[in-house]
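J.: Here is a sequence with its predicted model. Questions after.
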Amino acid sequence: MRRAFVVAAVSSFVYAVAACSGSSPDPIPSDPGGSNGGVPGSDASGGSSGTSGSSGTQCGPCDPPPPHPSCKGTDPCGCGPYTCSDGGQVDDAGHDDAGHDDAGHDDDAGPDSGVEPDAGAGDACEWGAANTCGPGRYCRANNCGKGRCVPIGLIETTTKGPVCGCDGVTYWNETVAAKHGMSVRQKGECSGVNAVTCGGFVGTNCPGSASCALRVKTQEQCSVADLPGICWQLPATCPLISIGHRTRACDSRTCSDECGLIRSSTPYFEDNDCPL
């Protein structure tokens, strides 16, 4: 009885001291040697909230993400640099060795193409093969080989700068070709076997909305019957030029603009004597 009284007194004294100091005594752990081994700050599972890479590295979302589902990351977390199924490699900035950014856009797209740089270009394609680019896009392939899918051009300028399309039609400039979804074989007019011809004895028409350019080298050749020509694709509106024409219709004494002469399939020649 006396012993119980002593123990109770000691306990009361301890709690009284703790109360005066503003703290409470730590409870005795019920399982000091339990499943977590008594290690502070750990749980029973030992897991973590992040994801682990192949080497146990804690990983977060990839920045930038893969540019295409076929691209695989090469670092332990599966992030960039990426290696893609078409053989291109994408660096940490998201640019691959084919000139496209992490959204698949052409890095070098510019005003000459009539296509905005961020217009969704990127998928590999090949000119002349089945159309894999989808609606509103075409395969822009220099020299009519392998290229990239790009949106059909929206901007069309009227400055003359002829290019030969992969279809054998001469386009007034690159923006006209892009607006018609046509890849460019080479700069300059189509000629020889690469040119689609028109006119002549048979009177062959040009495909689609293209016009027949009946140009001769000299005025003397204007008398030749059944002149042959080559097909040109012109802008929707010819350039508004009031002076400085260097072309003349075969049956006219005045000079006029070449674009209008081609559109009307009027035989013409270049005349350096036209007034400037």
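T.: Nice, thanks for sending it over.
J.: SS state for the residue lying closest to Tyr268 once chain neighbours are set aside?
T.: Nearest non-adjacent residue to Tyr268, counting by Cβ to Cβ, 6 or more residues apart in numbering: Leu261, 4.4 Å away. Quick note: C-beta positions are derived from backbone N, CA and C, even for glycine. Secondary structure assignment for Leu261 (DSSP: H, G, I helix; E, B strand; the rest coil): helix.
J.: Surely Leu261 touches Phe269?
T.: No: using Cβ atoms under 8 Å, Leu261 is not in contact with Phe269; the gap is 9.8 Å.
J.: Please enumerate the shared neighbours of these two.
T.: Counting by Cβ atoms under 8 Å, 6 or more residues apart in numbering, the contacts common to Leu261 and Phe269 are Thr247.
J.: neighbour-wise, which of these two wins?
T.: Comparing Leu261 with Phe269 by other Cβ atoms under 10 Å, the one with more neighbours is Leu261, at 25 against 18.
J.: which residues touch that one?
T.: Applying Cβ under 8 Å, 6+ apart to Leu261 gives the contacts 213, 247, 249, 268.
J.: can we see that at 10 Å?
T.: Counting by Cβ atoms under 10 Å, 6 or more residues apart in numbering, Leu261 touches 211, 213-215, 238, 245, 247-250, 252, 255, 267-269.
J.: and what of Cys250?
T.: Residues counted as contacts of Cys250 (Cβ under 10 Å, 6+ apart) are 214-216, 219, 221-224, 227, 261, 266-269.
J.: Look at the nearest residue to Ile152 once chain neighbours are set aside and tell me its secondary structure.
T.: Take Ile152 and drop its neighbours on the chain: the residue closest to it by Cβ to Cβ, 6+ apart is Gly181, 4.6 Å away. Each residue gets one of three states, and Gly181 gets coil by three-state DSSP.
J.: I figured Gly181 was touching Leu154, is that so?
T.: No: if you go by Cβ atoms under 10 Å, Gly181 and Leu154 don't touch, sitting 11.5 Å apart.
J.: Same drill for those two, tell me which one is more crowded.
T.: Neighbour count, other Cβ under 10 Å: between Gly181 and Leu154, Gly181 has more, with 18 against 12.
J.: Pro64 versus the more buried one, what's the distance?
T.: Gly181 sits 30 Å away from Pro64, going by Cβ to Cβ, to the nearest Å.
J.: before we move on, what about Leu227?
T.: Leu227 sits 58 Å away from Pro64, going by Cβ to Cβ.
J.: Please, where are all the helices along the chain?
T.: Taking DSSP state H as the test, the helices found in the chain are 2-21, 174-179, 258-263.
J.: coming back round to it: separate out the buried members of the contacts of Cys250.
T.: Neighbour-count burial (16 or more other Cβ atoms under 10 Å) applied to the contacts of Cys250 gives 214-216, 222, 227, 261, 266-269.
J.: Which single one of the residues you listed is nearest to Gly200?
T.: Distance ranking of the buried ones among the contacts of Cys250 against Gly200, using Cβ to Cβ, places Leu227 first at 7.4 Å.
J.: Give me the local confidence score for the closest one.
T.: On pLDDT, Leu227 comes in at 90.
J.: which one is it nearest to, not counting chain neighbours?
T.: Nearest non-adjacent residue to Leu227, counting by Cβ to Cβ, 6+ apart: Leu214, 4.9 Å away.
J.: Report the contact partners of that neighbour.
T.: Residues near Leu214 by Cβ under 10 Å, 6+ apart: 198-200, 222, 227-230, 249-250, 261-262, 264-269.
J.: can you give me the end-to-end distance of stretch 154-165?
T.: This stretch, stretch 154-165, spans 18 Å end to end (Cα to Cα, to the nearest Å).
J.: Could you do stretch 221-239 as well?
T.: End-to-end distance for stretch 221-239: 27 Å, by Cα to Cα.
J.: ditto for stretch 237-249
T.: So stretch 237-249: terminal residues 20 Å apart, Cα to Cα.
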